[in-house]
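Q: need a 3D model of the sequence below.
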Amino acid sequence: MHRPEFHFHGVPQNPLSPTKLIDPDMGQNQDHPHPRCLVVGNYCHDVLMKDDLVLAESLGGAASFISAVLDGFSIPCTFVSKVGSDFSYSVTHPPLVSPSSQTTLFHAHFSSRVQRHDRVLKRVRACDPIAPSDLPHRRFELGLAVGVAGEISPETLEGMLDICDTVFVDIQALIRVFDPADGTVNLVHVRDSGFHHLLPRIGFLKASSDEAPYVDVDEARRDCCVVVTNGKDGSTFYYKNAEQQILPFPTVQVDPTGAGDSFLGGLVSGLAHGLSVPDAALLGNFFGSLTVGQVGLPKFDSSLLQAVKDEVQRKKSHIFGPIKCINDGLVFAKPLDHEEFHAALVRANTPPHTFPIQEESQRELLCSPRVAEHHNCNGQPKTLPGNACEETIT
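A: Residues are numbered from 1 along each chain as shown. This next block holds a predicted model:
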């Protein structure tokens with residue numbers, strides 16, 4: 001796997017041989033015969049509950065949230081996901097069906113008696129893991145390891161590192177463990193996960209602020225770019241001796257499920273279209289903020305997506321012009337118009353791009369959950385005018 005070369009204020013920092021991390025035009029050619037992005041992680045069925053009453057049921061798994069963003073940017077991808085024969089959702093990227101197991105099922109428990117926005121997540125059942133032999137026998141420019149239920153083994157991640165030029169890893173794929181009694185999700189330090197020896201080969205490592213203590217960030221940043229998502233405080237990038245804080249976006253948090261996945265999808269989409277790392281992270285923050293404002297798998301308005309893509313295209317042309325990337329590496333320093341890009345994304349998400357669950361007429365119902373019906377077979381969640389929690393993110 002090629003090591004990424006980063007630039008801080010235009011100065012190359014990686015002493016290893018320079019290699020282009022991403023072709024900035026990869027997302028533009030929709031007729032490209034070979035997908036350039038490999039996404040590995042199982043689809044799931046998510047059930048959101050509050051005080052033991054079902055709020056909503058939805059297609060879940062990091063792969064589904066990431067797909068919503070990557071497909072919105074027309075980035076050609078191959079997905080490797082496993083489900084059981086009970087899988088009833090219609091998805092753009094069909095999974096592998098395991099006849100011997102059921103689809104992974106998670107229950108996310110919220111409580112009105114706990115004055116915090118966290119959930120208790122339980123893995124009720126798990127589908128078969130993804131084996132190295134399930135990976136395609138070809139190369140990819142990008143790889144995303146986004147397991148959620150322990151389906152990615154060290155051997156499978158190593159297989160991804162062998163066939164992908166640059167691999168993005170969500171730390172939850174490495175450090176989640178599950179209580180044998182009730183499936184409650186817990187975390188172990190990455191040094192005890194069986195994946196620690198692979199960290200020097202990873203390009204980007206994403207962790208939430210709750211997961212970051214389970215990674216030695218100062219150690220990991222020597223070899224890969226570490227990004228920590230901080231909810232209402234945005235995100236922070238660490239690489240070698242550099243650190244960048246990325247602005248958040250205003251939103252009302254209804255359901256935190258999938259926010260980090262949408263962030264990762266936005267980050268990869270931005271880098272694939274030639275943005276600098278800070279601007280790509282800003283795009284990640286933007287899609288994360290859209291996701292927490294909805295219950296379950298988000299639905300991105302087509303006109304909103306087009307407005308965002310137009311801004312990205314303008315930004316790309318303005319920054320890179322004909323040279324595209326400085327010295328064929330990533331630009332880590334914030335461009336001078338970084339805050340203008342933030343403001344442009346805020347403007348893009350103005351009415352009519354508001355989501356029904358945030359309408360004022362429904363706010364009085366936010367704390368009155370009702371039992372949901374079964375999920376739709378088309379993969380869209382059954383949402384209710386009740387929320388798991390409400391937190392303004394600015």
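Q: pretty sure Leu290 sits in a helix.
A: Yes: using DSSP: H, G, I helix; E, B strand; the rest coil, the assignment for Leu290 is a helix.
Q: which ones are touching it?
A: When contacts are counted by CB atoms under 8 Å, 6 or more residues apart in numbering, Leu290 is found next to 251, 262, 298, 300, 349. From N, CA and C alone the C-beta is placed, and that goes for glycine too.
Q: and the one helix or strand Thr78 maps to, how far out from the chain's middle?
A: Secondary structure assignment for Thr78, by DSSP states H and E: strand 77-80. Put simply, strand 77-80 sits 15 Å off its chain's centre (CA atoms, centre = their mean, to the nearest Å).
Q: with stretch 60-75 instead?
A: Distance of stretch 60-75 from its chain centroid, counting by CA atoms, centre = their mean, is 8 Å.
Q: average pLDDT for that stretch?
A: Per-region confidence: stretch 60-75 scores 93 on mean pLDDT.
Q: ok, stretch 257-270 next?
A: Averaging pLDDT along stretch 257-270 gives 92.
Q: before we move on, what about stretch 275-295?
A: 90.
Q: same question for stretch 186-205.
A: Stretch 186-205 comes out at a mean pLDDT of 96.
Q: closest to Val69 out of the contacts of Leu290?
A: Among these, Ser262 lies closest to Val69 (CB to CB), at 5.7 Å.
Q: the host helix or strand of the closest one - contacts with which helices or strands?
A: Using DSSP H and E, Ser262 sits in helix 259-272. With contacts taken as 3 or more CB pairs under 8 Å, 6 or more residues apart in numbering; DSSP states H and E, helix 259-272 sits against helix 62-72, strand 140-145, strand 164-170, strand 204-208, strand 225-229, helix 277-292.
Q: would JSON lines of those with distance to Lys309 be doable?
A: What follows is those, written out as JSON lines (distance: least, CB to CB, whole Å):
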{"stretch": "helix 62-72", "distance to Lys309": "8"}
{"stretch": "strand 140-145", "distance to Lys309": "19"}
{"stretch": "strand 164-170", "distance to Lys309": "21"}
{"stretch": "strand 204-208", "distance to Lys309": "22"}
{"stretch": "strand 225-229", "distance to Lys309": "22"}
{"stretch": "helix 277-292", "distance to Lys309": "10"}
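Q: please identify which of the ones you listed is closest to Ala126.
A: With CB to CB as the criterion, Ala126 lies closest to helix 62-72 of the helices and strands packed on helix 259-272, at 14.4 Å.
Q: circling back to that earlier point, most tightly packed of the helices and strands packed on helix 259-272?
A: Mean neighbour counts were compared across the helices and strands packed on helix 259-272 using mean count of other CB atoms under 10 Å; the top stretch is helix 277-292, at a mean of 27.
Q: tilt between it and helix 259-272?
A: 140 degrees (axes from the mean of the first three to the mean of the last three CA atoms, to 10 degrees).
Q: the helix or strand just after helix 277-292: how far from the chain's middle?
A: The first helix or strand that comes after helix 277-292 along the chain, using DSSP H and E, is helix 302-320. Mean-position distance between helix 302-320 and its chain equals 20 Å (CA atoms, centre = their mean).
Q: which helices and strands does the strand holding Thr78 pack with?
A: Strand 77-80 sits against strand 37-40, helix 62-72, with contacts defined as 3+ CB pairs under 8 Å, 6+ apart.
Q: if I look at the nearest residue to Gly72 once chain neighbours are set aside, how far off is Val69?
A: Among residues not flanking Gly72 along the chain, Leu305 sits closest, at 4.6 Å (CB to CB, 6 or more residues apart in numbering). For Leu305, the distance to Val69 equals 9 Å [CB to CB, to the nearest Å].
Q: for the stretch 251-394 of the chain, give me the ranges with low pLDDT.
A: Along the stretch 251-394 of the chain, the model assigns pLDDT under 70 to residues 317-331, 351-394.
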